[in-house]
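J.: quick one: sequence plus predicted model below, questions after.
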Amino acid sequence: MTKVVIIGGGWSGCAAALSAKKAGADVVLIEKTDMLLGLGNVGGIMRNNGRYTAAEENIHLGAGELFNITDKASRHRNIEFPGHKHASLYDVTKVEPMVRRLLKEKGIDIKLQTRVIDVETKENKIEYILTYNEEKIKGDVFIETTGSTGPMGNCLKYGNGCSMCILRCPSFGPRISISHRAGVEDILGQRGDESYGAFSGSCKLNKDSLSKEIRNELNEKGVVVLPVPKEDVKMEKLDLKVCQQYSLKEFAENIILLDTGHAKLMTPFYPLEKLRKIKGLENARYEDPYSGGKGNSVRYLSMAPRNNAMKVKGLYNLLCGGEKSGLFVGHTEAIITGTLAGHNSVRLSLGMPLLEIPRTLAIGDIIAYANEQIKTKGGLKKRYTFAGSEYFARMKKLDIYTTDSNKIKKRIQRMDLLNIYEEKLI
């Protein structure tokens with residue numbers, strides 16, 4: 001049986017594990033911390049704007065398990081906030097155990113607190129990976145879904161220091177680039193001023209530290225918008241964010257809170273003394289990152305060159321997904337790239353042609369479009385998400401954005417790809 005080893009247990013790694021398992025592989029999922037989902041433990045936004053289309057596409061392609069979980073864990077559905085429609089907000093305090101149980105039920109071997117520190121290659125093929133405790137883990141095919149944040153030194157160099165974020169590098173050790181260790185040069189994203197990386201796009205406030213009125217409104221409506229004092233409005237802070245779909249003036253002129261179990265503050269960081277000037281936030285404190293008054297994690301510092309089937313160029317048996325595979329933003333984007341990588345890992349092991357999703361679907365188009373753009377200097381300064389900014393405008397122009405699930409299903413049927421991810425190949 002084909003053995004697929006996945007390094008990184010975020011949304012993309014979990015999606016890759018599920019699709020590789022369904023295709024018939026023996027799957028090992030390795031995660032350096034004590035929890036799966038990574039940034040998914042502090043995210044929570046699903047189905048907003050074009051992400052609705054992409055989620056339904058992935059479901060009809062045969063990989064709906066993770067979207068079913070986020071739907072089930074949603075505290076609010078079909079909500080609107082500036083620039084975004086029909087969003088769902090899943091509860092970040094409940095979703096990880098649900099995903100972990102699903103993976104275990106499917107027979108996926110999960111190795112937590114297992115940090116990979118090196119790889120051994122032979123003739124452009126990975127033989128095994130080496131963990132911090134000198135365990136050698138062999139596999140037929142490897143998938144890297146380690147993300148693009150960390151190690152801690154990158155946040156010191158390109159950000160405002162370690163902000164004590166959910167990734168907890170000081171406790172669990174630094175992330176390494178598997179592709180780079182195997183001899184493939186990483187690609188680094190840029191900001192507008194050509195410095196590297198970008199700040200994560202939001203912080204979490206402890207909901208109990210907010211006023212009763214704000215808590216009640218958050219729990220009832222899912223969204224609270226609070227005007228920022230005029231003297232504290234800083235439009236330039238919008239350029240700091242990794243999430244360009246939120247680079248709207250409303251996000252500078254207002255404090256926008258979303259209910260994801262915690263109160264999700266839609267800004268990369270915000271000085272605590274200024275935050276507490278706003279009515280209802282007088283006692284506010286950060287939940288993640290703890291230093292959200294000063295900084296946040298820095299992302300997009302480690303991407304692998306790959307083709308549109310998610311295979312890393314220059315290595316025979318390594319695929320990638322999530323932020324490791326490009327300048328993608330969001331859980332949906334991580335799930336769809338990880339799903340394809342997992343499915344193709346089994347195809348690769350069998351010598352079958354690798355699956356590329358047609359560009360007439362949003363999933364196929366964003367994978368190909370981001371791959372084209374990342375090869376350009378200007379493209380390294382952009383981010384690609386179904387939820388907004390440049391790519392959502394492209395979706396609408398190409399007429400591939402829709403919330404009609406039946407229409408999406410018919411598109412996929414015409415391509416003869418309905419439930420393709422359900423096929424057992426081994």
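T.: Sure, I can see it. Numbering: from 1, shown residues only.
J.: any stretches of this protein with poor pLDDT?
T.: Where the chain drops to pLDDT under 70, the residues are 234-248.
J.: got the domain ranges for it?
T.: Here the domain parsing of the chain from automatic domain parsing is 3-194+298-422, 201-288.
J.: I'd say residue 355 and residue 342 touch.
T.: No. At 10.9 Å, residue 355 and residue 342 do not qualify as touching, with contact defined as C-beta atoms under 8 Å. Where C-beta positions appear, they are placed from N, C-alpha and C, glycine not excepted.
J.: higher neighbour count, those two?
T.: residue 342 (33 against 17; other C-beta atoms under 10 Å).
J.: could you pull up phi and psi at the more buried one?
T.: Backbone geometry at residue 342, expressed as degrees, to the nearest 10, gives phi -60, psi -40.
J.: from residue 349, how far out is it?
T.: For residue 342, the distance to residue 349 (C-beta to C-beta, to the nearest Å) stands at 12 Å.
J.: which residues do those two both contact?
T.: Counting by C-beta atoms under 8 Å, 6 or more residues apart in numbering, the shared contacts of residue 342 and residue 349 are residue 4.
J.: list the contacts for the residue nearest to residue 150 when sequence neighbours are not counted?
T.: Excluding the flanking residues, the one nearest residue 150 by C-beta to C-beta, 6 or more residues apart in numbering is residue 175, at 4.2 Å. Residue 175 is in contact with 32, 146, 147, 149, 150, 151, 167, 169, 302, counting by C-beta under 8 Å, 6+ apart.
J.: want to throw those into a markdown table with neighbour count?
T.: Formatted as a markdown table, these follow (neighbours: other C-beta atoms under 10 Å):
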| residue | neighbour count |
| --- | --- |
| 32 | 28 |
| 146 | 31 |
| 147 | 26 |
| 149 | 27 |
| 150 | 25 |
| 151 | 18 |
| 167 | 29 |
| 169 | 21 |
| 302 | 26 |
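J.: ok now do residue 71, which residues does it touch?
T.: 46, 77, 88, 90.
J.: list the buried residues for the helix or strand harbouring it?
T.: Assigned by DSSP states H and E, residue 71 belongs to helix 65-72. When neighbours are counted by 16 or more other C-beta atoms under 10 Å, the buried residues of helix 65-72 are found to be 65, 66, 67, 69, 70, 71.
J.: what's the end-to-end length of stretch 298-305?
T.: Distance across stretch 298-305, first residue to last, is 20 Å (C-alpha to C-alpha, to the nearest Å).
J.: I meant stretch 348-360, not that one.
T.: OK, stretch 348-360 end separation, C-alpha to C-alpha: 24 Å.
J.: now do stretch 41-52
T.: 20 Å.
J.: equivalent analysis for stretch 283-298, please.
T.: 27 Å.
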